[in-house]
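> Have a look at this fold, sequence not included:
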């Protein structure tokens, strides 16, 4: 095959690149058309793979949430689907023999894998709290009872965001510390330090930057299993 002398090598290379780009674009898998992102489950999946800071859009003073006790009944529709997804992952980690149940041996092995010496009395106490057999549904019910009185994550996020004037997702640790020991139900210095000891911190970008709390991550740690009730 003879090459057309009127076509330069540069033109041929440009054509080749355009053809290659078009072929790759046509082979890129597209999401099925029937999948809708409107459902709650799809919203959670999208949030897992595309996390972004979402702060509550509220105005005015913070309103205290409805209080619940450990004896109140919570139905499945009251639970936060994102928390259920996290519990499923935790259950899978505890179910070391993959039989769909968490046994005392599973707990013992998990403790050892984490570098802790298993306490047989504690393991027995943990198993007695649950309704046997401890499958995933029983595990969810157990965790619901243990976290029943905790506020939903969205409620906590709204409360903490009142200190975030610029919507950055960060709050000065010293600012929160001063609030805890000086206002409202005042904490002692040791209580305030203990309350903030496990707060996730934002990695500083400069040596001069003050310690900042990643409060959305802190709210995920502290939040209960329930969704926020809509009026």
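Done, it's in. Since the structure is predicted, the reported quantities are computational estimates derived from the model, not experimental observations.

> rest of the way, CA atoms for contacts and neighbours
OK.

> Can you check the pLDDT for residue 181?
Predicted confidence (pLDDT) for residue 181: 93.

> So what's the residue count around it?
17 (other Cα atoms under 10 Å).

> which non-adjacent residue is nearest it?
Leaving aside its chain neighbours, residue 181 sits nearest to residue 187 (4.8 Å; criterion: Cα to Cα, 6 or more residues apart in numbering).

> per-residue confidence at that neighbour?
So residue 187 comes in at 91 (pLDDT).

> change the start of the numbering to 5 and stick with it
New numbering, starting at 5: the last item is residue 191.

> pLDDT below threshold where in the chain?
5-80, 233-235 (pLDDT under 70).

> re the thing from before, so the residue nearest to residue 185 sits right up against residue 184, yeah?
Yes. The criterion here is Cα atoms under 8 Å, and residue 191 meets it with residue 184 at 5.7 Å.

> Which one of these two is surrounded by more residues?
Of the pair residue 191 and residue 184, residue 184 is the one with more neighbours under other Cα under 10 Å, namely 20 against 17.

> Wait, that one touches residue 196, no?
Yes. In this structure, residue 184 is within contact of residue 196 by Cα under 8 Å, at 6.2 Å.

> which residues touch the one helix or strand residue 179 maps to?
Assigned by DSSP states H and E, residue 179 falls within helix 177-186. Contact with helix 177-186 is made by 190-193, 196-197, 200, 214-217, as judged by Cα atoms under 8 Å, 6 or more residues apart in numbering.

> next one: stretch 89-99
Here stretch 89-99 has contacts from 102, 105-107, 110-111, 114, 140, 143-144, using Cα under 8 Å, 6+ apart.
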